[in-house]
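> just a sequence and a predicted model for now, questions to come.
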Amino acid sequence: MKFRHALLATVCSSLFLTMTANAREYLKSEAGQPRGYSTAVATQGGKTLWISGQVGIRDEQGKSMAGDFEGQARVIFRAIDAAVKRAGGSMKDVVNITVYLTDPRLLEPLIPIRHEFWPEGNFPASTSITVHSLPFVGMMIEVSAVAVIGDK
């Protein structure tokens, strides 16, 4: 009887470790990787964190980022990182982003910034939308995100 309990405990433990290791599966593509996104991200378990649209019109010290696209993007991704950290995760837990841009040409300069925040290449799934304008004068980008933290 003890052998069966030990065997069952070993099997359950192995299954748990396998599930933990595979809590996120990045479905990558040749087109997406260089541009900083995964085609899809499959998750299992974990705490889901829905992050509202983040803006970067001012940096953390209050300096205006109006008209500075790269500055706004970095402020936004730092804000997303801070929100995920407050919930107990990190940027690697971000599985989806929605990017709103005021000009489609801004997508190109966003690519290297995505690589800064996800240097290991496990990019979140991503949708980019061009809009006529955003809520503040000089605002060029807004990003919302979804993160899945942990495995339970």
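Okay, I see it.

> quick one: contacts for the residue nearest to the spatial centre of the chain?
The chain has Val94 as the residue nearest its centroid, 2.9 Å off, counting by C-alpha atoms, centre = their mean. When contacts are counted by C-beta atoms under 8 Å, 6 or more residues apart in numbering, Val94 touches Ile80, Val84, Trp118, Pro124, Ala145, Val146, Ala147. For the C-beta atoms, the positions are set from N, CA and C on the backbone; glycine is no exception.

> the third one reaches Tyr37, doesn't it?
The one in question is Trp118. No. If you go by C-beta atoms under 8 Å, Trp118 and Tyr37 don't touch, sitting 9.3 Å apart.

> what do the two both touch?
Common neighbours of Trp118 and Tyr37 (criterion: C-beta under 8 Å, 6+ apart): Pro124.

> how much space separates the residue lying closest to Ile113 once chain neighbours are set aside from Asp151?
Among residues not flanking Ile113 along the chain, Ala73 sits closest, at 4.8 Å (C-beta to C-beta, 6 or more residues apart in numbering). Distance, Ala73 to Asp151, by C-beta to C-beta, to the nearest Å: 30 Å.
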